[in-house]
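Undergrad: Got a predicted model here, sequence first, then my questions.
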Amino acid sequence: MNLPNALTVFRFGVTLGFIHFLSMPGLRAKVVATILFGVAAVTDFLDGYLARKYNLVTVFGKIMDPVADKFLTLSAFFMLAKQGLVAFWMVAVIAVREVLITFLRLTAMRQGVVLAAERSGKIKTVLQMTAIIFMLGITVGREVYEEGPILAGCLRGIWFGMVAVVGITVWSGVSFLWVNRTRWLGKVEGSVNER
């Protein structure tokens with residue numbers, strides 16, 4: 001197993017640790033959870049970067065890297081929803097989009113077609129990660145400070161921020177489907193991204 005694939009597998013383990021510590025009470029657990037999420041996010045960047053730079057791209061990596069990414073982000077959103085920081089309907093919408101698009105990309109990959117990520121998808125990922133990190137900061141803040149106007153303001157900000165994240169997530173999914181519509185409708189062989 002090469003280094004990028006090892007990092008992908010490592011991300012699964014770190015995500016499990018993140019879930020464990022975020023579910024525990026206390027400041028130390030929340031800080032550890034935040035650090036673990038940061039480590040997992042860094043491996044998300046590193047495995048792809050190393051695979052491309054050193055020509056270490058494998059079928060395993062192509063399949064498991066996006067799965068590991070979605071496992072990390074969806075686990076984070078679900079755990080934060082359990083703590084009341086984000087509405088469950090928002091998590092459900094994000095999950096449907098992520099699972100659907102990942103399934104379609106993996107299906108196309110099995111047919112020898114690589115459907116490249118679009119700009120909207122990259123923006124979506126950055127916004128999701130930013131929102132998660134901000135909310136993890138709130139979980140740490142809750143352990144240090146009593147509920148007050150500052151935390152209340154942050155919670156209101158989270159709601160509006162997550163509305164934007166959900167909107168961008170849905171938009172990026174629709175954009176992906178539209179760009180690759182000929183493939184899903186079976187009108188032509190291949191995808192717009194193959195040209």
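TA: Yep, that arrived.
Undergrad: Three-state assignment for the closest residue in space to M1 that isn't next to it in sequence, please.
TA: In space, and not counting its chain neighbours, M1 is closest to V9: 7.4 Å by CB to CB, 6 or more residues apart in numbering. (Glycine included, C-beta is placed from N, CA and C.) Secondary structure state of V9, per DSSP: H, G, I helix; E, B strand; the rest coil, is helix.
Undergrad: Could you check how far V9 is from P149?
TA: Counting by CB to CB, to the nearest Å, the gap from V9 to P149 is 44 Å.
Undergrad: for L27, same thing?
TA: L27 is 21 Å from P149, where distance means CB to CB.
Undergrad: Tell me which of the two has more neighbours.
TA: Set L27 next to P149 and count neighbours by other CB atoms under 10 Å: L27 wins out with 13 against 7.
Undergrad: So what's the residue count around V126?
TA: For V126, the neighbour count with other CB under 10 Å is 11.
Undergrad: helices or strands up against the helix or strand containing it?
TA: With elements taken from DSSP states H and E, the one containing V126 is helix 119-144. Counting contacts by 3 or more CB pairs under 8 Å, 6 or more residues apart in numbering; DSSP states H and E, helix 119-144 is packed against helix 27-53, helix 59-82, helix 149-179.
Undergrad: Can you say which of the ones you listed is nearest to R97?
TA: helix 149-179 (4.1 Å; CB to CB).
Undergrad: buried sites along that closest one?
TA: The neighbour-count check on helix 149-179 (16 or more other CB atoms under 10 Å) flags 154, 158, 161-162, 165-166, 168-169, 172-173, 176, 179 as buried.
Undergrad: With stretch 59-70 instead?
TA: For stretch 59-70, a neighbour-count test (16+ other CB under 10 Å) marks 61, 63-66, 68-70 as buried.
Undergrad: can you tell me which two in the residues you listed are farthest apart?
TA: G61 and K70 (14.8 Å).
Undergrad: At the geometric centre of the chain, which residue sits there?
TA: Nearest to the mean C-alpha position of the chain, by CA atoms, centre = their mean, lies T73 at 3.5 Å.
Undergrad: do you know how far that residue is from V144?
TA: T73 is 26 Å from V144, by CB to CB.
Undergrad: Can you tell me what sits against stretch 42-49?
TA: Applying CB atoms under 8 Å, 6 or more residues apart in numbering, the contact partners of stretch 42-49 are 3-5, 7-8, 10-11, 14, 61, 65, 68-69, 72.
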